[in-house]
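A.B. asks: Sequence and predicted structure, then a few things I'm wondering about:
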Amino acid sequence: MAQRLFFVRHCETTGQAPTAPLTSAGHQQALELADHFAPQGVDLLVSSPYTRARQSLEPLAERLGLAVETDERLAECTLASPPVADFRGAIRQLFDGPDLAWPGGESRRQVTERGRSALDAVFRHPTRTPVVMAHGLLMAFVLGSFDSRFDYRAWTALTNPDVYCLERDADGVRVSRAWGA
């Protein structure tokens, strides 16, 4: 029998800092996510520690009476420190080279391994329908480890929020989009 989990990118945010909150549109999107997931038997909520990720799950947690578990491994990729001038160009190069890391930043391989580790822990959890809230770059890297179609272009096409269903069985993990068009 296949296990499944929903892998979600946070709602619209005011910025990139770990403490950046959702915008007013992001709060409305969080309510829409709650409407989307409430009838699906969700029984576990796991989030990045970033404010925007936790706020994206709060309406669903309240509606279902569930606590939101935090997993540091779901934090967004640290691109560089100090920040690079060409943000998108630096990200594009991470997609091209799995071990490239900018000064003070993480490689695609490092981010993928920690993200996959977090998802593996959720898959081992005795739940029926978990929702995992994370960030766009981490999400694209992890999804790319299951399906090579998730490249730089796929990252640029992610929306806030965005939802993918991961179904795991003996043959591996299948990825399908579960939000929007």
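C.D. replies: Received, thanks. Numbers count the residues shown, from 1 in each chain.

A.B. asks: Which strands or helices does the top helix by length along the chain pack on?
C.D. replies: Longest helix in the chain, counting residues (DSSP state H): helix 108-124. The contact analysis (3 or more Cβ pairs under 8 Å, 6 or more residues apart in numbering; DSSP states H and E) places helix 108-124 against strand 3-9, strand 44-47, strand 130-134, helix 136-146. For every residue, glycine as well, the C-beta is placed using N, CA and C.

A.B. asks: buried set for it?
C.D. replies: Under the neighbour-count criterion of 16 or more other Cβ atoms under 10 Å, helix 108-124 has 108-116, 118-119, 122-123 buried.

A.B. asks: thinking again about what came up before, what would the helices and strands packed on helix 108-124 look like in CSV with distance to residue 27, mean pLDDT and mean neighbour count?
C.D. replies: Below are the helices and strands packed on helix 108-124 laid out as CSV (distance: least, Cβ to Cβ, whole Å; pLDDT from 0 to 100; neighbours: other Cβ atoms under 10 Å):
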stretch, distance to residue 27, mean pLDDT, mean neighbour count
strand 3-9, 15, 96, 22
strand 44-47, 16, 98, 22
strand 130-134, 14, 98, 27
helix 136-146, 19, 97, 23
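
A.B. asks: nearest to residue 37, of those?
C.D. replies: Closest to residue 37 of these is strand 130-134 (Cβ to Cβ; 5.9 Å).

A.B. asks: Many thanks, have a good one.
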